[in-house]
Structures are given as structure tokens and as C-alpha cells.
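Chemist: sequence isn't available, so here's the structure alone:
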């Protein structure tokens with residue numbers, strides 16, 4: 001009986017196919033800044049679908065200079081994404097800002113660097 005159940009299970013698995021989940025469409029973004037910041041806020045939009053994301057606010061203890069953040073997109077968002085960031089001090093005064101355009105490829109994890117420059 002076990003052999004029959006095992007054979008049936010194997011047959012059903014074969015019929016279901018071997019396709020796994022779709023590959024992730026995403027981006028790993030390195031955020032560079034030199035200022036003493038308390039918080040960094042990141043937001044953006046995909047240009048192909050005009051889908052907006054953020055703001056995501058992270059403390060500088062969680063996202064230090066040169067650290068990375070990850071964004072996941074739908075495959076239909078492939079094209080370009082505009083990502084902007086600003087850094088604020090403990091008094092919530094903007095000290096640094098920056099924007100960049102980055103490639104988004106369906107089924108791939110792309111990389112980029114966003115540099116926040118001082119607003120002095």
C-alpha cells in the first residue's frame with residue numbers, strides 16, 4: 001500500500017511540473033552620506049507603471065553611510081525607478097538630499113548607489 005501511495009505522490013508531483021516561483025525583480029541600493037544624520041527617508045516611483053513607494057524612514061543607526069537597502073518590484077515595473085532620499089538631524093531639519101534613476105530588470109536584482117549631498 002505504501003508503494004502505491006508513494007508512486008501516486010511521485011506521479012502527481014511530476015504532473016504539477018517543476019516550475020518554481022518567479023525570479024525576484026528588485027534592487028539593492030547603497031546609500032552614501034557624510035552628514036551626522038538622525039533619520040534617512042527614502043521614496044520613489046517606477047517610471048513604467050508610475051507605482052509609488054515609500055517613504056521608508058530609517059534611523060542612521062540602522063542605515064549607516066555605505067549601508068544597503070533592498071526594494072522588491074513587480075515584474076511589470078521593469079524599466080527605470082526614480083529614488084529620492086533625504087537625511088534629517090535630531091531637530092528634523094533636512095541636512096542632506098539626493099535623487100537618482102536606476103534600472104529595474106524583470107527577474108533580476110539590480111544594484112545602484114544613491115548619494116545624499118549636504119544642503120548647506
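Modeler: Cool, the structure landed. A quick note: this is a predicted structure, and the numbers were derived from the prediction, not measured.

Chemist: give me the distance from stretch 95-113 to the chain's centre.
Modeler: Averaging C-alpha positions (CA atoms, centre = their mean, to the nearest Å) puts stretch 95-113 8 Å from its chain's average.

Chemist: now do the buried residues in it.
Modeler: Buried residues in stretch 95-113, defined by neighbour count with 16 or more other CB atoms under 10 Å: 95-98, 102, 104, 110, 112. In short, each C-beta sits where N, CA and C put it, glycine included.

Chemist: next, the buried residues of stretch 66-77.
Modeler: So, applying 16+ other CB under 10 Å, buried residues of stretch 66-77: 69, 71, 73, 77.

Chemist: er, stretch 25-40 actually
Modeler: 25-27, 29, 31, 33, 35, 37, 39-40.

Chemist: chain center to it, what's the gap?
Modeler: 12 Å.

Chemist: among the buried residues of stretch 25-40, which are located in strands?
Modeler: When DSSP state E is applied, those are split such that 25-27, 29, 31, 39-40 fall in strands.

Chemist: need the max-distance pair from the residues you listed.
Modeler: 25 and 39 (27.8 Å; CB to CB).
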